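Enquirer: Following is a predicted model, sequence given first.
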Amino acid sequence: MFSMRIDKIIRHSDDVSTLFFSSRLRSYPGQFIMLNLPRYEEIPLSLSSPNSVTVRAVGETTYALIRLSAGEIVGIRGPFGKPFTPTDGKALLVAGGIGAAPLYYLHDYLKRRGAEVKVLFGARKAEELVWKDRFSVLMVATDDGSEGLRGTVIDLLKEEELQQYDRIYVCGPEEMLRKAFTHLKEKEVLGKAEFSLERYMKCGIGVCGTCILEDGSRVCAEGPVFSGKDLEGVEF
Amino acid sequence: MFSMRIDKIIRHSDDVSTLFFSSRLRSYPGQFIMLNLPRYEEIPLSLSSPNSVTVRAVGETTYALIRLSAGEIVGIRGPFGKPFTPTDGKALLVAGGIGAAPLYYLHDYLKRRGAEVKVLFGARKAEELVWKDRFSVLMVATDDGSEGLRGTVIDLLKEEELQQYDRIYVCGPEEMLRKAFTHLKEKEVLGKAEFSLERYMKCGIGVCGTCILEDGSRVCAEGPVFSGKDLEGVEF
Amino acid sequence: MLEIDVASLKMKSPLVLASGVLGSFSPSLSRVAEHAGAVVTKSVGLQPREGYRTPVIINTPHGLINAVGLSSPGCEEFSKELSKFRGDAKLIVSLFASEPDDFVKLSSYFDMADAFELNLSCPHVSDAGLTVGSDPELVKEIVEKMKSRSSKPVFPKLSAATDYIEVAKAAEEGGADGIVAINTLRGMAIDIGTRKPILSNISGGVSGEGIKPIAMKVVWDLYEELEIPVIASGGATTWRDVIEFILAGARAVQIGSAFFYSYRVFYSIKESLIAYLRKEKISLNELVGMAHKTV
Amino acid sequence: MLEIDVASLKMKSPLVLASGVLGSFSPSLSRVAEHAGAVVTKSVGLQPREGYRTPVIINTPHGLINAVGLSSPGCEEFSKELSKFRGDAKLIVSLFASEPDDFVKLSSYFDMADAFELNLSCPHVSDAGLTVGSDPELVKEIVEKMKSRSSKPVFPKLSAATDYIEVAKAAEEGGADGIVAINTLRGMAIDIGTRKPILSNISGGVSGEGIKPIAMKVVWDLYEELEIPVIASGGATTWRDVIEFILAGARAVQIGSAFFYSYRVFYSIKESLIAYLRKEKISLNELVGMAHKTV
Ligand SMILES: Cc1cc2nc3c(=O)[nH]c(=O)nc-3n(C[C@H](O)[C@H](O)[C@H](O)COP(=O)(O)OP(=O)(O)OC[C@H]3O[C@@H](n4cnc5c(N)ncnc54)[C@H](O)[C@@H]3O)c2cc1C
Ligand SMILES: Cc1cc2nc3c(=O)[nH]c(=O)nc-3n(C[C@H](O)[C@H](O)[C@H](O)COP(=O)(O)OP(=O)(O)OC[C@H]3O[C@@H](n4cnc5c(N)ncnc54)[C@H](O)[C@@H]3O)c2cc1C
Ligand SMILES: Cc1cc2nc3c(=O)[nH]c(=O)nc-3n(C[C@H](O)[C@H](O)[C@H](O)COP(=O)(O)O)c2cc1C
Ligand SMILES: Cc1cc2nc3c(=O)[nH]c(=O)nc-3n(C[C@H](O)[C@H](O)[C@H](O)COP(=O)(O)O)c2cc1C
Ligand code: FES
Ligand code: FES
């Protein structure tokens, strides 16, 4: 483990903040870190850039995190896990809510490699389309219609001509991942799709056995990014 | 530690053999290894090439070593120690008896770098001028005059026009090292001279403290090769 | 080629998954079982146990420090989970308790077990583990009770921090079928940035490569002192480590922390062991304890 | 900036050379002393002792295993050697013996000593070291006798393999001025090529980076239990390790195996500590045990 200072914080909304570290982590988009705010729990968070995490408050630790002030010191292990497979062709990023976190990083990374990147971003309401200006080519959907399409990101996905993309990257809540999986499978594009999964994690390094999928895969080590093919026949 | 098989043995004389290992060690001329023949002691030996040591029998372990048969397995730690500083100019190698061992390796190494190498080699008698055909430009001396000059390698050294050499490398018994040191100092060429020292060694890695010189230097770590300047004012 | 018997357990290889590593669910146990001789489950007690808050693990260049705190769903839940085990390796269920009768009671939940490991050595839980395993008389009684109720092999797991020879001999007298040595060693780390201990529990158990020489010495000593087989645990990471433990006297070698490096560690070690035995024209059985004969 | 008192010893830095490393001759002790607060000599006994045959040391990526076997020229010869010590750090002479009176007798040979360390913890010599240091009553008696004859500070050095809290408290009651913890841990390695233990003594003591978490826990525990200062030993290699030990409660930190990496280790750690204290605007005294306050 090592520790880093939080240099800057952006409060995107009531319950989502981005924390910037004092230095960049050698990492790839899709990887996560185990972050420990002293006196709280250590939790897995995707990198939203080489030197940031974007956190949504859902419980004790994440609440404390989004309220942090610059200057605080946090413990960090990692980066861990299998990253997204990059492309320099056409990429489709599909984000549901806080699932956008790793895709901010992926977006910038792919663009720097010369890829053509389009993002579909869904949330319950407009305020939850956090940091959407990070994405250059963007289509949005909200459950309440407060911005973009009234509906879900899956509805946006269904509008897409999927054959044109070299890679499709999906991250969001479980329900949305499952629906995306079903649709992409139907369209026979699972081979070029990747999904970032979440599971409760204690170690992050493949030993404790808390994050195991049905086929025995460890989300922290074989994942969190899985190819569509890896997930066929696995309940997730 | 690791262990290696002895592939081949050359018995140069009654009491000197060269043992070849099954593979080359990443090393530089002047470095030594700690070699352990099971059931015997572990002793320091200079590399006489990247995959050999040349041993003179003086006691229990060295006697056993020179009589070894191919196929035996020995334990090896290292290579350790500070190597000779190479040159691609003119080099003078001064060897006394078994002190030639590291100089075989140095000789080949310097020639491969394009250096012009001359060797002065002294021993008590002709048989002890072990493996002398390894040296291409060679002058020899023997105490009993059975080959070359009757006298010592120091007498040979005194004949040399030392200013012409870029580097002078000396290895041999203590007495001879001291005489060479005195002569080279007199001729004011200590700055380009290097001496390979021997001390009883237990660890070879600078912790046990058995091989300490007067100034606190560890022969196994700061040495075994010392520059003439390092040794000024140090009794050795 | 790697077949070996440990007491009455006929194993297809000497490689055994160590307790607590990937051993809480059947899918990972089954996956590891593919290339293992046996898998040991996470230790289970009578009651569900939360375990400690995270951070529960630290990774260092020399190994891990963990204070998972014997988190477990309890024996009832866990036996349901293990009923899904589909692996083709022996299933060894690891039990923890403080009283002899509780060990016996616990074992009654696990019909699917091929053998039991008794965790008498967890260093970071106060009422079980090491507290029990430091008392030779108690260890003997636990083993005796276990053996009087079931014919399944029983392997007490000891710590290097006790007088392990005395405890192992007591276990042997009590009828133990083998001894597992060692569990993790007490240790901790402090983060100099936050100036606090890293683990929520402050201290934990040290495992991994750094403890291998310590485990080696315990295995060596137990091989000299015992008649029953010794199963090594502590730092084995490569096939060389496995051979080293076998030369020291182990009939089987557990691997845990090395899963940090790769899920395929059992596969690659297995293949390397086969290649080694072929090249050296020697059998596993001959290698067990061989380093003692040549001293 | 690094000045610190350990009992009555006023040291210019908390960095101390560990016993047995570069400590057999005055030239190396003097050289290390340049950037150290104190240097501890190789342990010395009443009689000369050969030590074990080589190999006496193994270097691994996680540290060393040594079985030098307390080789020593004996107290008479050694006191002559130490009379040549010219270093400007405190000179701590490490003593080993089996009997309380022998410790006292030994100490009478070393007028030049600023303090004495009592080696009650060497794991690989049968009649001294750990055999003595596992007995709290004996330890207390040794310390009492030492203190009744001389006012020089006395630092018993303990092993992690004993009930170290009990032993340390006995030493404290006996009047010890501080406790050094820990010595090496029992361990061994086997070469799979020759199929034999590597060390001539078969087993030895494990030191170096791999044992740091274990030493850290002992230092932590002793800081909680004792009034007298704790001096850490075990795996300190970088300035970060030194700070970590100080946060755990050490007033001084010994360094031994790290000399494998560089003779300049004290110099570079010293400079880094100064830079750290400046940057963090904190004093060494404040840092001692600080990790306990924040838990
Ligand atoms: C690989 C990975 C990457 C992640 N990346 C991000 C990210 O970039 N941004 C972000 O805001 N969150 C991310 N999460 C989720 C984040 O770890 C959890 O929100 C966090 O652990 C909750 O901690 P808490 O103490 O605040 O809440 P708790 O009080 O522990 O729990 C609150 C709620 O969150 C659920 N929860 C708890 N832990 C997890 C978990 N590890 N995974 C999923 N749900 C959990 C609980 O079931 C409960 O419903 C990621 C999770 C994983 C596994
Ligand atoms: C850096 C270094 C490189 C060396 N390279 C070579 C080499 O290439 N070839 C070679 O034949 N020898 C070399 N030696 C010397 C060799 O290590 C000793 O001859 C050997 O240790 C003697 O072991 P033994 O058991 O046979 O003799 P022992 O029975 O131990 O001693 C026999 C005699 O040798 C002396 N001796 C013992 N150990 C040493 C030692 N370490 N250094 C010097 N003298 C010693 C003893 O004082 C005694 O007089 C080197 C020594 C050092 C320190
Ligand atoms: C995360 C983790 C959890 C563990 N849990 C248990 C456990 O529940 N019961 C047990 O007997 N040992 C447990 N251990 C100890 C291991 O079984 C093993 O004895 C130890 O880690 C040394 O082996 P290794 O170096 O191969 O990991 C655990 C170890 C780790 C790393
Ligand atoms: C080669 C060697 C010799 C040692 N000799 C002694 C000794 O004579 N007396 C002693 O108390 N400790 C001895 N030790 C133990 C060290 O003083 C120290 O306690 C231990 O090595 C842990 O610290 P480290 O990891 O910094 O080396 C020796 C250690 C080594 C590596
Ligand atoms: S979180 Fe421990 S195995 Fe994945
Ligand atoms: S041989 Fe041990 S310090 Fe040089």
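Expert: Thanks, I have the structure now. All values derive from a computational prediction rather than experimental measurement. Ligands and ions are numbered 1, 2, ... in the order given.
Enquirer: Next, count neighbours for residue 95.
Expert: Since you didn't name a chain, this refers to chain A. Neighbourhood size, residue A:95 [other C-beta atoms under 10 Å in any protein chain shown]: 31. For the C-beta atoms, the positions are set from N, CA and C on the backbone; glycine is no exception.
Enquirer: Actually, chain C is the one I wanted.
Expert: Neighbour count of residue C:95, defined by other C-beta under 10 Å: 30.
Enquirer: Surely it is in contact with residue C:46?
Expert: No: judged on C-beta atoms under 8 Å, residue C:95 makes no contact with residue C:46 at a distance of 9.3 Å.
Enquirer: Domain map for chain A?
Expert: Domain assignment for chain A, taken from automatic domain parsing, gives A:2-80, A:90-231.
Enquirer: Reformat the ones you listed as CSV; add mean pLDDT and distance to residue C:115.
Expert: Shown next, in CSV, are the domains of chain A (pLDDT from 0 to 100; distance: least, C-beta to C-beta, whole Å):
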stretch, mean pLDDT, distance to residue C:115
domain A:2-80, 96, 34
domain A:90-231, 95, 20
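Enquirer: wait, which of the ones you listed is closest to chain D?
Expert: domain A:2-80 (7.7 Å; C-beta to the nearest C-beta).
Enquirer: sorry, back to before: could you dump the domains of chain A into JSON lines with distance to chain C added?
Expert: JSON lines is the format used below for those (distance: least, C-beta to the nearest C-beta, whole Å):
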{"stretch": "domain A:2-80", "distance to chain C": "3"}
{"stretch": "domain A:90-231", "distance to chain C": "3"}
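Enquirer: among those, which is nearest ligand 5?
Expert: Nearest to ligand 5 among the domains of chain A is domain A:90-231 (3.3 Å), distances taken as C-beta to the nearest ligand atom.
Enquirer: where along the stretch 151-295 of chain C do the helices fall?
Expert: For the stretch 151-295 of chain C, applying DSSP state H, counting those that start in this stretch gives helices covering C:164-173, C:212-225, C:239-248, C:265-280, C:284-287, C:290-293.
Enquirer: on that earlier part again, what's the overlap in contacts for residue C:95 and residue C:46?
Expert: Here residue C:95 and residue C:46 have residue C:106 as joint contacts, going by C-beta atoms under 8 Å, 6 or more residues apart in numbering or on different chains.
Enquirer: Need the domains of chain A in TSV (columns: distance to residue B:43).
Expert: Output for the domains of chain A, formatted as TSV (distance: least, C-beta to C-beta, whole Å):
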stretch	distance to residue B:43
domain A:2-80	43
domain A:90-231	42
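Enquirer: Not counting sequence-adjacent ones, nearest residue to residue 52?
Expert: In the absence of a named chain, this looks at chain A. Once flanking residues are discounted, residue A:52 sits nearest to residue A:20: 4.8 Å by C-beta to C-beta, 6 or more residues apart in numbering or on different chains.
Enquirer: could you do chain C instead?
Expert: According to C-beta to C-beta, 6+ apart, the nearest residue to residue C:52 is residue C:69 (3.8 Å).
Enquirer: Kindly report the residues of chain C close to ligand 3.
Expert: For chain C, the contact set with ligand 3 under C-beta under 6 Å from any ligand atom comprises C:18-21, C:42-43, C:57, C:64, C:66, C:68, C:70, C:94, C:119, C:122, C:157, C:183-184, C:207-208, C:233-236, C:255-258.
Enquirer: 5 Å - rerun?
Expert: C:18-20, C:42-43, C:64, C:66, C:68, C:119, C:183-184, C:207-208, C:233-235, C:256-257 (C-beta under 5 Å from any ligand atom).
Enquirer: Looking at those residues, which are in strands?
Expert: Those of those mapping onto strands are C:64, C:66, C:119, C:207, C:233, per DSSP state E.
Enquirer: Identify the farthest-apart pair in those.
Expert: C:64 and C:119 (17.3 Å; C-beta to C-beta).
Enquirer: Which of those two has more residues huddled nearby?
Expert: Higher neighbour count among residue C:64 and residue C:119: residue C:119, with 30 against 27, using other C-beta under 10 Å.
Enquirer: Now stretch C:188-199: average pLDDT?
Expert: The pLDDT scores in stretch C:188-199 average 96.
Enquirer: For it, output the C-alpha coordinates as PDB.
Expert: Provided in PDB are the C-alpha atoms of stretch C:188-199 (Å, rounded to 0.1, in the frame of the first residue of the first chain):
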ATOM      1  CA  MET C 188       1.500  -5.700  10.800                       C
ATOM      2  CA  ALA C 189       2.300  -2.700   8.700                       C
ATOM      3  CA  ILE C 190       1.900   1.000   9.200                       C
ATOM      4  CA  ASP C 191       1.300   3.500   6.400                       C
ATOM      5  CA  ILE C 192       3.700   6.300   6.900                       C
ATOM      6  CA  GLY C 193       1.500   8.700   5.000                       C
ATOM      7  CA  THR C 194      -1.600   8.300   7.200                       C
ATOM      8  CA  ARG C 195       0.600   7.300  10.200                       C
ATOM      9  CA  LYS C 196      -1.900   4.500  11.100                       C
ATOM     10  CA  PRO C 197      -1.800   0.700  11.000                       C
ATOM     11  CA  ILE C 198      -3.200  -0.300   7.600                       C
ATOM     12  CA  LEU C 199      -5.300  -3.200   8.700                       C
END
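Enquirer: Give the pairing partners of the longest strand belonging to chain A; include direction for each.
Expert: Counting residues, the longest strand found in chain A (DSSP E) is strand A:2-11. Paired strands of strand A:2-11, with direction, are strand A:16-21 (antiparallel), strand A:73-80 (antiparallel) (DSSP bridges).
Enquirer: buried set for it?
Expert: Residues of strand A:2-11 classed as buried: A:3-4, A:6, A:9 (neighbour count, 16 or more other C-beta atoms under 10 Å in any protein chain shown).
Enquirer: before we move on, what about stretch A:157-165?
Expert: So, applying 16+ other C-beta under 10 Å, buried residues of stretch A:157-165: A:157, A:160, A:162, A:165.
Enquirer: my guess is the second one contacts residue A:90, does it?
Expert: Right, the one you point to is residue A:160. No: Residue A:160 sits out of contact with residue A:90 when judged by C-beta under 8 Å, with a separation of 11.0 Å.
Enquirer: what would the ones in strands among the residues of chain C next to ligand 3 look like in JSON lines with distance to chain B and pLDDT?
Expert: As requested, these are exported to JSON lines (distance: C-beta to the nearest C-beta, whole Å; pLDDT from 0 to 100):
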{"residue": "C:64", "distance to chain B": "25", "pLDDT": "97"}
{"residue": "C:66", "distance to chain B": "30", "pLDDT": "96"}
{"residue": "C:119", "distance to chain B": "34", "pLDDT": "94"}
{"residue": "C:207", "distance to chain B": "23", "pLDDT": "98"}
{"residue": "C:233", "distance to chain B": "23", "pLDDT": "98"}
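Enquirer: any idea which of those residues is closest to residue A:117?
Expert: Ranking these by separation from residue A:117, with C-beta to C-beta as the measure, puts residue C:64 on top at 38.6 Å.
Enquirer: Look up which residues are beta-bridged to that closest one.
Expert: residue C:59, residue C:207.
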